[in-house]
Structures are given as structure tokens and as C-alpha cells.
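Colleague: Next input, structure requested:
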Amino acid sequence: MQKSFLLFVLCLFVISCKKDPTADFSTSGSLKVGELTEFTNLSSHYSVSLWDFGDGKTSNENAPSHKYEMPGNYMVNLDVTGNGKTESIKKRVIITGTTYVIKNTTSARLINFASFYWDGYDIIDFQPYGILEPGQSTNIIITTRPEIEFGFRFVEGGAVFVCVYPFKITQDIHNILVIDNNTMITSGSKKSGDFNKDINQDEKILQFNKLISR
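Modeller: Numbering: from 1, shown residues only. You can find the predicted model right below:
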């Protein structure tokens, strides 16, 4: 009887020693778009953790790393579970950088579509997409350029068209660039004076054609 009583007391002591979980975390590494942000779990007395990075992505790793596709303010939530209880903590993470997508709002199917930066002499940061259907947007692209241009064909193997005026890029946000029926395009044979620009459109089209033919 005495032995059973001592065992009962010991069980109560063990149960009472179990502590409830506490939730906390810190971030390190890069806080830039497209680069790894590392999350360190500073919680205690837990056995299971669940992360919500605030961009629709989650993880059940103890200390995960995560890449954000777009800049912005994200509310990160960490749930930790232990001793039959769950505790949560939220912290705001600010991801810097500049991104863009190009959306086709016309009724035309744009073939061999690609975006790029033109430095006045050469095409740089060439980003091919294939076919950009009506209503479709390109994938998200990270950039440091002040402006972005694009080119495409209306039919396979047909003439190449490029934009007349580049899209201006606003830094440190996600840019949605729209091609509509008022967007000016050219298939070449016009010089810079026709568009009040300090470039030769024919050279740009020649380089674009070479790049999409690779």
C-alpha cells in the first residue's frame, strides 16, 4: 500500500514538472526578395512547430529557411505545441527588393515573348517566357533596372515586335506592368528620331531575334 502511494506521488510530481510551451523566434540571413531568410526557433518546452510565412507558404521544420518571391511586409506566425497545449507568436518581416510581372490584357496571343533591359547598345537581363496568352501574366522577375522592355511575335516565325517606350520600374515594390491596346510597338525600320528616343530600334530587334532563336 505504501509502495503504491509513493508511486502515485511520484507520478503527480512528474506530471507537475511538465511545463507549458513558450513561443519565440528570430530571423537572420538575407531579408531580400529571392534570397534565403533563416528562421531560428527560440521556443521552449515544445515538440511540434508549424510556421506560416505570411505569403501562403508553411513549414513544419524546426528552424526553416524561406525565399520570398515578392518584396513587402509579411506577418510570420509560429505555433508550437507541447504538453497538450499550443502557443503562438507573430512577428512582422520586411522583405526588400524590386520585382515585376508583365500582364497581357489584349486579345492577342504573344509568341516568343520576352522581357529585357536595353542599355542603349545591348539587350541585358533577357527573360524568355514562351507564349503569353490573353489575360496571362509572366512569372515574377527580380530586377535592379530602372526600366524594362519586351518583344514578341504574333505568329511563329513572323516579324519581331518590340515596345516603343519602356516600362518604368518603381524600386522596392512589386510592379505589375500591363500591355493593353494603347501600348506602342514597332517591328523596326524606324530610327530613334521617330520615337524621340536615343536608340536604333532595328538593332534592338536584331539582337532580340538572335536571342529567341537560340
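
Colleague: Count residues in the vicinity of residue 107, would you?
Modeller: 8 (other CB atoms under 10 Å). All C-beta spots, glycine's among them, are computed from the backbone N, C-alpha and C.

Colleague: Contacts only, for it.
Modeller: residue 134 (CB atoms under 8 Å, 6 or more residues apart in numbering).

Colleague: Could you look up the SS state of it?
Modeller: coil (DSSP: H, G, I helix; E, B strand; the rest coil).

Colleague: For it, grab phi and psi.
Modeller: The phi and psi values for residue 107, taken as degrees, to the nearest 10, are phi -100, psi 10.

Colleague: do residue 203 as well
Modeller: phi -70, psi -40.

Colleague: Then residue 69?
Modeller: Main-chain torsions, residue 69, degrees, to the nearest 10: phi -80, psi -20.

Colleague: neighbours of the closest residue to it other than its chain neighbours, just the number please.
Modeller: Among residues not flanking residue 69 along the chain, residue 140 sits closest, at 5.1 Å (CB to CB, 6 or more residues apart in numbering). Using other CB under 10 Å, the number of residues around residue 140 comes to 13.

Colleague: Likewise for residue 156?
Modeller: When neighbours are counted by other CB under 10 Å, residue 156 comes out with 8.

Colleague: Tell me where the model's unsure across the chain.
Modeller: Scanning the chain for pLDDT under 70 picks out 1-17, 189-199.

Colleague: picking that back up, now do the contacts for the residue nearest to residue 69.
Modeller: 69-70, 99-101, 174.
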